[in-house]
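Novice: Give me coordinates for this.
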Amino acid sequence: MAVAQPVVVSLADLKAGNISFETLQEAFGPESLGILVVKDVPTEFPALRHRLLSYASWMGNLSEKDFEQFTNEAAKYLVGWSKGKEKLKDGSADEYKGSFYANCAFYVDPSLESAKPTERFTLEEFPEYLAPNSWPPNEMLPGFRPVMEQMCSLIIDTAVLVARACDKFAEKEIPGYPTGYLETVVKSSSTTKARLLHYYPMPDEALQKGMEEDNWCAVHKDHGCLTGLTSAMFVDELNTNVKLESFDGKELPKTLPTIEELPASPDPQAGLWIKDRKGVPVQVKIPRDCIAFQTGEALERITNGKFKAVEHSVRGAYAKGVARNTLAVFTQPNLEDEVDLEHHINFGEFARGIIAKNTVG
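Specialist: Coordinates of the predicted model:
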């Protein structure tokens, strides 16, 4: 099993503008793994991560009737709850993974539940970006929304600093590159989207297939700019209570309790795998107290290929009763922002065909 060591930088160096061009090339350039790990993040991050990823197990074990209250079929299941809508590498639906999607327009304006439709990009044409958030009712998952929003905001704050470092490089290396372009895109976007993931424990029939790759999501590239990632949290759901009792007639807690986290994955091959530039899959492990950022296709376009989008896939845990929870925040341009500065192609046009390739139905 090949485990690769990603490039690591400190939050302090990002803030001070001390990231060398060589470091950025090593992290995001044509020969890189397309991932940068940021250490020494805000002190509240580890506890916030544990609390939010605990919600992934509480949410994933709600009833089908509960899920119906925050599922949006019209938005192609890319707002609110989604399960069995993403394609695996063999083209079948992924039934072993549940996701909660949230628009992060609140980062720009706390009153927004999505980006605002325009004449060019209407709700009818682009519901996956423009449909309002479908939050679970607070009486169902008390305290979930503020924890989700706080974590997403922290990750986007850090993405803005990574974008600033990328801009310095691009301004020097790309003729005519607009000053501060990527930072402005990341900071001002109302189409950034977060995805809280719950990989369900593998059923017995899947476990019996052993080390086959049946539960890998298809190898893909993200289509945004920078994808912020937490490390995964592994939970023994056989020996841990992950089903909520009814709150009927009781005072709602401000937040739900955290769930015990396993010290490590019982399956060492579970997690994030990146194809290196020779096409060889290597595993990348993110420390619990760090945030990782992967390159997406919009970043590759914006930087004229100086930074390359990374092909990757994710593998669940082949261990009885073990779930895997994680968070991805896809910082994406506004629909009208240009991602191809030479040919004047905006993000909405660029993204139009991608979602159809990755979803079932």
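Novice: Name the SS class of residue 118, please.
Specialist: coil (DSSP: H, G, I helix; E, B strand; the rest coil).
Novice: Contacts only, for it.
Specialist: The neighbours of residue 118, taking CB atoms under 8 Å, 6 or more residues apart in numbering as the test, are 335, 336. All C-beta spots, glycine's among them, are computed from the backbone N, C-alpha and C.
Novice: ok, now how distant is it from residue 207?
Specialist: 48 Å (CB to CB, to the nearest Å).
Novice: can you check residue 318 too?
Specialist: Look at residue 318 and residue 207: by CB to CB, they are 6 Å apart.
Novice: quick one: low-confidence parts of the stretch 1-150 of the chain?
Specialist: Scanning the stretch 1-150 of the chain for pLDDT under 70 picks out 1, 85-94.
Novice: Please repeat the previous calculation with a cut-off of 80.
Specialist: Applying pLDDT under 80 to the stretch 1-150 of the chain flags the ranges 1, 84-95.
Novice: That one: strands as residue ranges?
Specialist: For the stretch 1-150 of the chain, the strands defined by DSSP state E, counting those that start in this stretch occupy 3-4, 7-10, 35-39, 80-83, 97-103.
Novice: so which of these gets nearest residue 266?
Specialist: Judged by CB to CB, the one of these that comes nearest to residue 266 is strand 3-4, at 16.6 Å.
Novice: ok so, going back, neighbour-wise, which of residue 318 and residue 207 wins?
Specialist: Between residue 318 and residue 207, counted using other CB atoms under 10 Å, the more crowded position is residue 318 (21 against 14).
Novice: helix or strand for the more buried one, which one?
Specialist: Following DSSP states H and E, there is no helix or strand that holds residue 318.
Novice: Give me the pLDDT for it.
Specialist: Looking at residue 318, its pLDDT stands at 88.
Novice: repeat for residue 219
Specialist: You'll see residue 219 listed with a pLDDT of 82.
Novice: and it, how far is that from residue 135?
Specialist: Separation of residue 219 from residue 135 (CB to CB) stands at 32 Å.
Novice: Compare these two (neighbour count), which wins?
Specialist: More crowded of residue 219 and residue 135, by other CB under 10 Å: residue 135, with 19 against 14.
Novice: Touching, that one and residue 145? I think so.
Specialist: Yes. The criterion here is CB atoms under 8 Å, and residue 135 meets it with residue 145 at 5.3 Å.
Novice: you'd agree residue 139 is up against residue 247?
Specialist: Yes. Contact criterion CB under 8 Å: residue 139 and residue 247 qualify, at 6.0 Å.
Novice: So which of the two has more stuff around it?
Specialist: Neighbour totals were compared for residue 139 and residue 247, and residue 247 leads with 13 against 10 (other CB under 10 Å).
Novice: Would you convert the strands of the stretch 1-150 of the chain into JSON lines that also reports mean neighbour count and distance to residue 28?
Specialist: Formatted as JSON lines, those follow (neighbours: other CB atoms under 10 Å; distance: least, CB to CB, whole Å):
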{"stretch": "strand 3-4", "mean neighbour count": "12", "distance to residue 28": "14"}
{"stretch": "strand 7-10", "mean neighbour count": "17", "distance to residue 28": "9"}
{"stretch": "strand 35-39", "mean neighbour count": "21", "distance to residue 28": "7"}
{"stretch": "strand 80-83", "mean neighbour count": "22", "distance to residue 28": "29"}
{"stretch": "strand 97-103", "mean neighbour count": "24", "distance to residue 28": "26"}
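Novice: Great, nothing more from me.
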